[in-house]
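**Q** what follows is a predicted structure for the sequence shown.
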Amino acid sequence: MATARASDGAAIHYDVRGDGERSLLLLAGQSNDHRWWDSVRADFDARFRTIAVDWRGTGASDKPADDSYSTTRFADDALAVLDDLGIARTHLYGTSMGGRVAQWLAAGHPDRVDRLVLGCTSPGGRHGFERNGAVIRSLTQPDRDAARRALLELMYTPGWLATHPGPHYTVGDPGMTPHARSGHLKASRRHDSWDLLPDIAAPTLVVHGTDDKLSPAANATLIAGRIADARAELIDGARHAYFEEFRAVASPLVVEFLEGRGPARSAYS
């Protein structure tokens, strides 16, 4: 692990693997650290120099007890990592909250992003499609074991969970402070990139599972319609953690896109 310094002085840890000529910055979901990518990262390390970030508040990064948690701040932190590595331009793959952060980074710094992949994410605000009340209630129920199980079932299908007992690195970093966890939740809730999405100049692939109830799949076509050079790919039967459970479909799809190969139209929707 290495450490970058954010503009406010916070230490942002990141992990570098692979030795490809092109870099690929990987941005994890809300309240998760770089381990979010562990189950699929080898699919990218063989071709790219991958960089996975511990968000502020997670992993080995600083956990400020202030209000410095927002998707725009997270984008600045990611930029600090690129600067620390001396990377002028990179491919970018963000999932869930990481996809929200990637939207800011790509729109605000088009010179730094080569190709962009946005997975299981949303533009937020009044235009984004949000999870329904039943999903929210299942995640906020007082029985924490039941709430965790509900989250797992939003991430993966029951059949997959029956044969993959874990550990599951997509359901939150257990080392987070309550303040940091609350900060991440507020950051996602306050995200609204609708007006800036047309500023994204990078060729963009938007990937989503058709059965994602945590971030409804309608967000995929919504986002793709706002970006000039974008296409949406819907993976049939996949839930929020499509990249892990449906690795055999998702990873080749993303690699082909990043390498400038693959179909012009959706092959999996």
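**A** Sure thing, it's come through. Numbering: from 1, shown residues only.
**Q** dump the C-alpha coordinates for the top helix by length along the chain into PDB.
**A** Longest helix in the chain by number of residues (criterion: DSSP state H): helix 71-85. Only the C-alpha atoms of helix 71-85 are listed here, as PDB (Å, rounded to 0.1, in the frame of the first residue of the first chain):
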ATOM      1  CA  THR A  71     -18.600  12.400  -4.000                       C
ATOM      2  CA  THR A  72     -16.900  15.600  -5.200                       C
ATOM      3  CA  ARG A  73     -14.300  15.300  -2.400                       C
ATOM      4  CA  PHE A  74     -13.800  11.600  -3.100                       C
ATOM      5  CA  ALA A  75     -13.100  12.600  -6.800                       C
ATOM      6  CA  ASP A  76     -10.500  15.000  -5.500                       C
ATOM      7  CA  ASP A  77      -9.000  12.200  -3.400                       C
ATOM      8  CA  ALA A  78      -8.800   9.900  -6.500                       C
ATOM      9  CA  LEU A  79      -7.100  12.700  -8.400                       C
ATOM     10  CA  ALA A  80      -4.600  13.000  -5.600                       C
ATOM     11  CA  VAL A  81      -3.800   9.300  -6.000                       C
ATOM     12  CA  LEU A  82      -3.200   9.800  -9.800                       C
ATOM     13  CA  ASP A  83      -1.000  12.800  -9.100                       C
ATOM     14  CA  ASP A  84       1.000  10.900  -6.500                       C
ATOM     15  CA  LEU A  85       1.700   8.200  -9.000                       C
END
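**Q** just checking, what packs against the next helix or strand after that helix?
**A** Toward the C-terminal end, the helix or strand that comes next after helix 71-85 (DSSP states H and E) is strand 90-95. Contacts defined by 3 or more CB pairs under 8 Å, 6 or more residues apart in numbering; DSSP states H and E place strand 90-95 against strand 22-27, helix 97-108, strand 113-119, helix 247-258. Glycine gets a C-beta too; all of them are placed from N, C-alpha and C.
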